[in-house]
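Colleague: coords below, sequence missing:
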């Protein structure tokens, strides 16, 4: 709905709407979303551990390339997901072993679901990385 | 040439089934309304709260959300059309639109398939057979492998033989699904397998073929149309070089890149291959253009997503032309002179997060507003309160503008995008605005590698400064939390927890 608010001494009229705890607003030619408490980790409130691969979007798991116990090198492809008819590759840059697999091929998973956990030898690691399959 | 003359006579129809969803379903319903034809929307369980569902004369749920069980289910589609009293089916684009078996099944069920004859789909829609036909006509093709032998080891050997970079594509595909560029030997296996899986899930066949990937090519396509006279004409060209992962993002008519001579030769080639195949209705012949040389890429035997840009510069209605042709009526007068006027641009609005490089964004829509005006057109399948689900592709709307020149069309599109509002899902609008202002795009010199070269990294939106943050916080306080822009809409909440219309399959028939 149209809201009036002051910016640098002038009154701006802005479209704004709360949806699921987030403020959507259209201001100065741009639509933005604002969260009252800027939470970390996509969608979920909890801190996502670096060695955990979570679903970056809702979709279907179409391929699991590694088994529990498999040694993992940095950059290895662990899982393939499909959403909105496109494939997405899920990789982990952290080296180690597959500790847990919490999904199955064909499973429909929701945003932020934990899919796999990598056990690292050291504490060092980077965040699970996702990229389009067709780079 | 009247290759289709032996077909059974066309029966007139008064009721059209729409075997599709989203904005194209709306487009077809509106054309039928204008022609005084009844409409039956054949939809999945997930698409109850959509614009097409509200606009259709009749709706029939033909299956669950998964496309394979609904929009790709030939039997359910035909049964639904017959039960709805339809005498014709418009397949839109994607899904069953290029499926010759579906076109043939429609004929058997005495449903008039609004599109090309099944035989023409077989000849041109299958990329391998289209290439054979092009070879016979002496049309230039990109070097590649399109054999029936599909062993992984053979495909790997062929890829090496063609020389990297090589593109792997679904033989039955379109729309960028099942397409990958292989740049190095060591990624070939993974990418070919991935393309085969995508081909299987999107088109029901894992068959792929390989092609030399042209690095500096432009994507140019010709809109063709065959009407009941048996003659195929073209309605000039479109350029769709702005693509990401082989999905088009921005299209325009005409292409800013063609000389008069190249345009004339490409147009003649497009008409030639279609006429030989006995083509009728709307179709598109796609080419790659590099260094003034053009190569035939594929033929899309259907209406194209980007058909509106052609409609705006040519002053035609391609959907109505398709329907008239299916009714057996002539569309184009013999001696009419076809001249394009002005420039049209289309931006595809995808529900995706530009800050993550385009991961799908789904959810229930809040406020949705398109800034209507002269020379502006919005083809959209969703309204406030509708749910964008993960089951289908992420295109929620198309913004199309026309103006007298290309620079003015670009300026108009930038204005339109700045004034467009979509709440509830993130969209690629910020990315579209960046693209429209990129020097390569402004000059018209972009190639199919444009997105990879300039926009491979996720977009960075400027963080709010202190004054802006104060403004947004005051906005947050003033905006009532209970307000919903969709109030009064038809969506009672999460559609999947509502009563499925599939449970009452034939009710309301």
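Modeller: Looks like it arrived, so ask away. Nothing here was measured: the structure is a model prediction, and the numbers come from that model.
Colleague: which one is the closest residue to chain B within chain A nearest to, not counting chain neighbours?
Modeller: In chain A, the residue that lies nearest chain B is residue A:29 (3.4 Å; Cβ to the nearest Cβ). For the C-beta atoms, the positions are set from N, CA and C on the backbone; glycine is no exception. Leaving aside its sequence neighbours, residue A:29 sits nearest to residue B:418 (Cβ to Cβ, 6 or more residues apart in numbering or on different chains; 3.4 Å).
Colleague: What are the neighbouring residues in contact with that neighbour?
Modeller: Going by Cβ atoms under 8 Å, 6 or more residues apart in numbering or on different chains, residue B:418 touches A:29, A:30, B:433.
Colleague: out of these, who's nearest residue B:298?
Modeller: Nearest to residue B:298 among these: residue B:433, at 30.4 Å, using Cβ to Cβ.
Colleague: these two touch, right, the closest one and residue B:417?
Modeller: Yes - judged on Cβ atoms under 8 Å, residue B:433 makes contact with residue B:417 at a distance of 5.3 Å.
Colleague: Sketch out the low-pLDDT regions of chain A for me.
Modeller: A:38-49, A:93, A:121-135 (pLDDT under 70).
Colleague: cutoff 80 now
Modeller: A:37-50, A:74, A:84-87, A:93, A:121-135 (pLDDT under 80).
Colleague: quick one: the strands in it?
Modeller: Assigned by DSSP state E, chain A shows strands spanning A:2-7, A:10-19, A:22-27, A:30-34, A:52-54, A:59-64, A:71-72, A:76-83, A:86-92, A:96-101, A:108-109, A:114-119, A:129-132.
Colleague: any chance of these in JSON lines, plus mean neighbour count and distance to residue B:378?
Modeller: Shown next, in JSON lines, are the strands of chain A (neighbours: other Cβ atoms under 10 Å in any protein chain shown; distance: least, Cβ to Cβ, whole Å):
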{"stretch": "strand A:2-7", "mean neighbour count": "15", "distance to residue B:378": "21"}
{"stretch": "strand A:10-19", "mean neighbour count": "16", "distance to residue B:378": "17"}
{"stretch": "strand A:22-27", "mean neighbour count": "20", "distance to residue B:378": "16"}
{"stretch": "strand A:30-34", "mean neighbour count": "16", "distance to residue B:378": "16"}
{"stretch": "strand A:52-54", "mean neighbour count": "21", "distance to residue B:378": "36"}
{"stretch": "strand A:59-64", "mean neighbour count": "20", "distance to residue B:378": "28"}
{"stretch": "strand A:71-72", "mean neighbour count": "16", "distance to residue B:378": "47"}
{"stretch": "strand A:76-83", "mean neighbour count": "21", "distance to residue B:378": "25"}
{"stretch": "strand A:86-92", "mean neighbour count": "23", "distance to residue B:378": "24"}
{"stretch": "strand A:96-101", "mean neighbour count": "17", "distance to residue B:378": "45"}
{"stretch": "strand A:108-109", "mean neighbour count": "18", "distance to residue B:378": "32"}
{"stretch": "strand A:114-119", "mean neighbour count": "20", "distance to residue B:378": "38"}
{"stretch": "strand A:129-132", "mean neighbour count": "16", "distance to residue B:378": "28"}
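Colleague: Let me know the secondary structure of the residue of chain B found nearest chain A.
Modeller: Nearest residue of chain B to chain A: residue B:418, at 3.4 Å (Cβ to the nearest Cβ). In three-state terms, and counting by DSSP: H, G, I helix; E, B strand; the rest coil, residue B:418 is helix.
Colleague: Kindly report the same for residue B:446.
Modeller: Three-state assignment for residue B:446 (three-state DSSP): coil.
Colleague: Now for it: which residues touch it?
Modeller: Per Cβ under 8 Å, 6+ apart, neighbours of residue B:446: B:218, B:241, B:242, B:438, B:440.
Colleague: go with 7 Å
Modeller: By Cβ atoms under 7 Å, 6 or more residues apart in numbering or on different chains, the contact list for residue B:446 reads B:241, B:242, B:440.
Colleague: What of residue B:294?
Modeller: Applying Cβ under 7 Å, 6+ apart, we find residue B:294 in contact with B:140, B:262, B:266, B:287, B:288.
Colleague: 10 Å instead?
Modeller: B:139-140, B:217-218, B:220, B:258, B:262-263, B:265-266, B:269, B:287-288 (Cβ atoms under 10 Å, 6 or more residues apart in numbering or on different chains).
Colleague: could those residues be laid out in JSON lines, adding secondary structure?
Modeller: As requested, the contacts of residue B:294 are exported to JSON lines (three-state DSSP):
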{"residue": "B:139", "secondary structure": "coil"}
{"residue": "B:140", "secondary structure": "coil"}
{"residue": "B:217", "secondary structure": "coil"}
{"residue": "B:218", "secondary structure": "strand"}
{"residue": "B:220", "secondary structure": "strand"}
{"residue": "B:258", "secondary structure": "coil"}
{"residue": "B:262", "secondary structure": "helix"}
{"residue": "B:263", "secondary structure": "helix"}
{"residue": "B:265", "secondary structure": "helix"}
{"residue": "B:266", "secondary structure": "helix"}
{"residue": "B:269", "secondary structure": "helix"}
{"residue": "B:287", "secondary structure": "strand"}
{"residue": "B:288", "secondary structure": "strand"}
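Colleague: rewinding a little: name the nearest of the contacts of residue B:418 relative to residue B:151.
Modeller: Looking at those and their distance to residue B:151, the nearest is residue B:433, at 46.3 Å (Cβ to Cβ).
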